[in-house]
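S.K.: The amino acid sequence is not available; the structure is as follows:
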């Protein structure tokens, strides 16, 4: 956390937000496939 504050929070927060959004989409997609069951 301290390193991010020192480097510049704006860019780090933006990249982390995009990374987290992609991770959430990937997880939700996996859960949806699991709910659908095997093809």
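M.R.: Cool, the structure landed. Everything numeric in this text was worked out from a predicted model, so none of it was measured.
S.K.: Now do residue 2, the pLDDT please.
M.R.: The pLDDT attached to residue 2 in the predicted structure is 63.
S.K.: whoops, residue 38 was the one
M.R.: Predicted confidence (pLDDT) for residue 38: 60.
S.K.: What of residue 20?
M.R.: 88.
S.K.: tell me which residues in whichever helix or strand it is part of are buried?
M.R.: Taking DSSP states H and E as the definition, residue 20 sits inside helix 9-36. Counting neighbours by 16 or more other CB atoms under 10 Å, one finds that helix 9-36 has no buried residues. Yep, even glycine has a C-beta here, placed from its N, CA and C like the rest.
S.K.: Could you list every helix and strand in contact with it?
M.R.: Applying 3 or more CB pairs under 8 Å, 6 or more residues apart in numbering; DSSP states H and E, one finds that helix 9-36 makes contact with no other helix or strand.
S.K.: So that it lines up with my notes, have the first residue be 27 from now on.
M.R.: Let's use 27 as the start, then, which means that last one is helix 35-62.
S.K.: Next one: residue 58 from residue 38, what distance?
M.R.: Computed as CB to CB, to the nearest Å, the residue 58 to residue 38 distance reads 30 Å.
S.K.: actually residue 51, sorry about that
M.R.: In this structure, residue 51 and residue 38 are 20 Å apart, going by CB to CB.
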